[in-house]
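Novice: Sequence and predicted model, in that order:
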Amino acid sequence: MMHPTSARAKLKYLFAAVFFAFIGGYGLYQMRSLIIGPRIIIDAPLDGSSSDSPLIAVSGRVEQVSKLFLNGELLIPDHTGRFESQLLLASGYNIIQLDGIDRFGRWVKRKLELVLTK
């Protein structure tokens with residue numbers, strides 16, 4: 001027969017372990033975007049697309065980015081992380097580059113390849 005105090009002690013340790021596992025799991029869940037790092041999501045234009053008009057709008061959103069650069073020029077997203085900028089394409093093949101850096105110095109880079117067919 002088991003002594004009642006040893007069963008109570010085991011139950012107390014079990015609840016403490018479950019509690020700390022829950023707290024640790026919740027902390028990792030909340031830190032997921034910091035662990036993953038900066039992200040740039042481009043909504044428009046699509047990579048590899050062609051355009052008849054030399055003026056295009058580049059739009060999208062960023063996550064965990066403190067500085068955003070479009071072709072080397074600083075671009076400031078709004079408070080929700082959305083950005084939009086107008087660009088003038090050269091005739092033929094064009095490469096547009098978006099670079100983002102987070103507060104820890106981690107970089108992310110996205111390239112768009114577009115063709116102006118005019």
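Specialist: Okay, I see it. Residues are numbered from 1 along each chain as shown.

Novice: Please work out how many residues are found near Glu96.
Specialist: Careful, residue 96 is Ile; it's not Glu. Residues near Ile96, counting by other Cβ atoms under 10 Å, number 19. No exception for glycine: its C-beta is placed from N, CA and C like everyone else's.

Novice: Equivalent analysis for Asn71, please.
Specialist: Around Asn71 there are 14 residues (other Cβ under 10 Å).

Novice: name the element the residue nearest to it when sequence neighbours are not counted belongs to?
Specialist: Spatial nearest neighbour of Asn71, excluding adjacent residues (Cβ to Cβ, 6 or more residues apart in numbering): Gln97 at 5.8 Å. Secondary structure assignment for Gln97, by DSSP states H and E: strand 92-101.

Novice: Then Phe69?
Specialist: Element membership for Phe69 (DSSP H and E) is strand 67-70.

Novice: Val18 - how many residues pack around it?
Specialist: Residues within reach of Val18, counting by other Cβ under 10 Å, total 10.

Novice: And for Glu63?
Specialist: Residues near Glu63, counting by other Cβ under 10 Å, number 15.

Novice: tell me the pLDDT at the closest residue to it other than its chain neighbours?
Specialist: Closest residue in space to Glu63, ignoring its immediate chain neighbours: Arg39 at 4.4 Å, by Cβ to Cβ, 6+ apart. Here, the pLDDT recorded for Arg39 equals 89.

Novice: And for the one 5 residues further on?
Specialist: Ala44 is assigned a predicted lDDT (pLDDT) of 91.

Novice: just how off-centre is the helix or strand bottoming out on mean pLDDT in the chain within its chain?
Specialist: When each helix and strand of the chain is scored by mean pLDDT, DSSP states H and E, helix 32-36 comes last, with a mean of 72. Averaging C-alpha positions (Cα atoms, centre = their mean, to the nearest Å) puts helix 32-36 9 Å from its chain's average.

Novice: Following the chain onward from it, which element is next?
Specialist: Criterion used, DSSP H and E; the element after helix 32-36 is strand 39-44.

Novice: Tell me, please, where in this protein the pLDDT is lower than the cut-off.
Specialist: Across the chain, the ranges flagged by pLDDT under 70 are 1-5, 33.
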